[in-house]
Every structure is written in structure tokens, then in C-alpha cells.
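Build me a model:
(one chain, ligands or ions: 1)
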Amino acid sequence: MRLGHFHALRPVCPACRLAGAPVPLSLVCIEDEQDEIVRAGVLGCEGCGARHPILDGLPILVPDLAQFLTDNLFYLTMRRDLKPGVAALLAEATGPGGGLDAIRQHVSSYGWDHWADHDPAESGPEPIKPGQVVRVLAKLLDGLPTEPEEGPILDLGCGAGRTVAELTERTGRLVLGIDMSVPLARVAQDALVGGHVAYDRRRGGLRFERRAFAVPTNALADVWIADAIALPFADETFALATALNLLDCVRDPKAALAEIGRVLSPGGACALATPFDWSGAATPFANWLGGRGGEEGDSAALLDAFLSDGPQAAGALRLSRPADETEWQIRLHDRSAMHYVTRLSWSAKTERSLSS
Ligand SMILES: [Zn+2]
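Coordinates of the predicted model:
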């Protein structure tokens, strides 16, 4: 956690904010800090007494901390210094789809797309090119109808962190990425703050190869663990919110839209890309935004309704220009990639939506 981000964004206790009383978090103790970067410490709430850890540079700012730690203890405390041969043996012994294999596959796909263009050992042939996420973000930023007003930027569901780096380079502003995936947030933290990327790149099956290389850092970029449907920020903190592939990865997409609207300043802009790739594991079926039979089955139409005046409006965001689409691909291994058509959507927190 960069102290600059902590002081500029003034995070609030997520539990107290949900209860209607946003209490600023304070730094209770710093156990490991260097060059304004806190690697280990504790953030605390004077309202409810909650204590939130900063672990390997990642503050964990979720409302139900006990549940999150219980669900993620393996990822939070797993060793990261395993040599490639030992890591391979452990993954093979615990089997395909086991905890270690699932992490390696996930980090391989997103680590590669986000950062492989900086990897000097990267060479073809590949079914797709890395940096898909950079291209999709550029389309979102180029499509903004107006320049965002002054203020910091929130990148929700930042994954391995490349979008945060791109946003700082393109705008020169303070950017915070948030994600709930501990393995991906660790890749992002290492890259954005530590300046290095290390991950196992999948060749096929359980065959992986270790990749490690340097990437540029930027003091304007940081990543925290936080929940898009319970953001640890006061109202009107950000000027721009971006989210690639977030809505079909959260428990409650409509609540996430309302939260984004809440933390944007008046006139603040929101740019979303979503492939509407619903899964019951990420989003309970009852909360899917479309993706079902009947009149409410069209996800794109329902998203537009959530971002329009009317009974279905999901908070303060209103569409600011017509939606668009673009291709988006994710590498699985040497011979396979998933191919999506992702929807691009632009909205803003308008004066009109504020009064309604
Ligand atoms: Zn509290």
C-alpha cells in the first residue's frame, strides 16, 4: 500500500459505511515500510473497532473480514518462492483443477495478457497476442464523450494490474486498482509497486514454464483488495471509474453499479467492458443481469435499463453515449484461447440522476 494513495483516498471502514456511518480508517501500526510503501501493517476503525491487515503490501478492506480470510487463507499465506520443479510436482500430486493448478491457470491467462509484452523471453507463435486488456481499455478511454474532471481514478476488478499502469500513463493521475482475487492482486502489487512479474505460463495440460521479468513502476499506481459491492470509500471520491470484465464476476452486478455511482463525484464518468459470461460460481443466478429466458434475458438491454431513468435504474449512473462492442481474447495455453465479444458501455453521474 502506497502511503500517498492512503492519504489521498482516505478509505473508510467498509462495514461502518454499509451501516450508514462512514468512518475513516487510520493506520494503527506499520510493521514493514520502505520508501512510503507499507508492506505489513494494520488499518483500524475507531467506530466499530475492526482491524484490517496489510499483507505483502495489500490492504484487505472488505466488510466481512473473517469470512474473506477464511475463504482465502490458502492464497494469502501460500509460499511464493517455490522453485519451478517443486511447484510442478505439487500441482501434479494435487491434480488438475486442484487449488494450485487452478491458481496457476488463472494467473497464467491473466499474467500473460497483462504483462507478457514486457517479457524478453516471449516469442511466437501464439494463437493470440498479449495486451488484449490494453487494447480494450484504450477503446474505453478513447470512447469517453468528454475528458473526465480532475480527480483520482478507480479501476475495479483490475486483475493482474496492467489497466492500472495504463491509466496512470495515459492520464497522469492517481489510480487505484481493486480486486478480490488474491493471486491476481499479488501479481498486480508485484508489478505496479515492485516492478517485477513472475508467474508460471501454461504450455498445455499441467506443463508450465516459469517467467520472470522487470516492468516499469509508477508512483501513481497501487492495488488494494476491496469488494466492488462494498467499496471502502466515502461518496464522491473518484472522477473516473473503469471496470473490465467486472459485472459478470461479482455477486451482485446491480449493487456494483450503484456503488460505482456512489463513489463518483458529480459529473464523474464510468467506462465498462463486459462479455456477460455468467457463471453460478461467481454470481448467484438470481443476481445475473439477464442471461436467462424471457423478456429479461438480454444482458445488454438490461444493463442499458440499469443505466437509464426509470424503475430499473441502478443508482446515479446514466448512459452518456451509445454502447459499442469489441473482441477480447484470453489465452488458455499454447494452442487455445477463449474468444469473446465484449460490450463497451459509457455512463456518467449526471445532475439529473443525482436529483432523482
Ligand atoms: Zn467500522
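
could you measure the residue nearest in space to the middle of the chain against residue 147, distance?
Centroid-nearest residue in the chain: residue 157, 1.7 Å away (criterion: C-alpha atoms, centre = their mean). Distance of residue 157 to residue 147, given as C-beta to C-beta, to the nearest Å: 24 Å. The way it works is simple: take the backbone N, C-alpha and C, and place the C-beta from them, glycine included.

if we can go back for a sec, based on its surroundings, how many neighbours for the closest residue to the residue nearest to the centre of the chain other than its chain neighbours?
Spatial nearest neighbour of residue 157, excluding adjacent residues (C-beta to C-beta, 6 or more residues apart in numbering): residue 246 at 3.7 Å. Residue 246: 24 surrounding residues under other C-beta atoms under 10 Å.

what separates residue 246 from residue 309, distance-wise?
23 Å.

My guess is the residue nearest to residue 157 contacts residue 275. True?
No. The criterion here is C-beta atoms under 8 Å, and residue 246 misses it with residue 275 at 10.8 Å.

Would you map the helices across the stretch 101-250 of the chain?
Taking DSSP state H, counting those that start in this stretch as the criterion, the stretch 101-250 of the chain contains helices spanning 132-142, 162-171, 182-189.

Between those helices, which one is closest to the ion.
For the ion, the closest of the helices of the stretch 101-250 of the chain is helix 182-189, at 22.2 Å, according to C-beta to the ion.

In this structure, which strand is the longest?
strand 336-349 (DSSP state E).

May I have that one as CSV, with CA atoms only?
C-alpha atoms of strand 336-349 as CSV (Å, rounded to 0.1, in the frame of the first residue of the first chain):
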residue,chain,number,x,y,z
SER,A,336,-6.0,-22.5,-27.1
ALA,A,337,-7.7,-19.2,-26.4
MET,A,338,-11.2,-18.1,-25.4
HIS,A,339,-12.7,-15.6,-27.8
TYR,A,340,-15.3,-13.1,-26.5
VAL,A,341,-17.3,-10.2,-27.9
THR,A,342,-17.3,-7.8,-25.0
ARG,A,343,-19.7,-4.9,-24.7
LEU,A,344,-18.4,-1.4,-24.0
SER,A,345,-20.6,0.9,-22.1
TRP,A,346,-20.1,4.6,-21.0
SER,A,347,-22.1,6.4,-18.3
ALA,A,348,-21.8,9.4,-16.1
LYS,A,349,-23.1,10.6,-12.8
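
that older thread, CSV please, covering the helices of the stretch 101-250 of the chain and showing distance to residue 10, mean neighbour count and mean pLDDT.
CSV is the format used below for the helices of the stretch 101-250 of the chain (distance: least, C-beta to C-beta, whole Å; neighbours: other C-beta atoms under 10 Å; pLDDT from 0 to 100):
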stretch, distance to residue 10, mean neighbour count, mean pLDDT
helix 132-142, 26, 18, 97
helix 162-171, 19, 23, 98
helix 182-189, 21, 26, 97
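
Spatially nearest residue to residue 33 (excluding sequence neighbours)?
Distances taken as C-beta to C-beta, 6+ apart place residue 39 nearest to residue 33, at 6.8 Å, with adjacent residues excluded.

actually residue 244, not the one I typed
Nearest-residue entry for residue 244: residue 273, 4.6 Å, with adjacent residues in sequence omitted and distances by C-beta to C-beta, 6+ apart.

Same question for residue 45.
residue 13 (3.6 Å).

The ion contacts on the chain?
13, 15-16, 45, 47-48, 50 (C-beta under 5 Å from the ion).

Adding secondary structure, neighbour count and pLDDT as columns, could you present those residues in a markdown table?
Below are the residues of the chain next to the ion laid out as a markdown table (DSSP: H, G, I helix; E, B strand; the rest coil; neighbours: other C-beta atoms under 10 Å; pLDDT from 0 to 100):
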| residue | secondary structure | neighbour count | pLDDT |
| --- | --- | --- | --- |
| 13 | coil | 26 | 98 |
| 15 | helix | 21 | 97 |
| 16 | helix | 20 | 97 |
| 45 | strand | 21 | 98 |
| 47 | coil | 17 | 96 |
| 48 | coil | 12 | 96 |
| 50 | coil | 18 | 97 |
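
Residue 281: neighbouring residues, count only.
Using other C-beta under 10 Å, residue 281 has 7 neighbouring residues.

again with residue 241
Around residue 241 there are 27 other residues, counting by other C-beta under 10 Å.

Ok, residue 97 next?
Quick note: residue 97 (other C-beta under 10 Å) scores 8 neighbours.

how close does it sit to residue 106?
Note on residue 97: its distance to residue 106, by C-beta to C-beta, is 12 Å.
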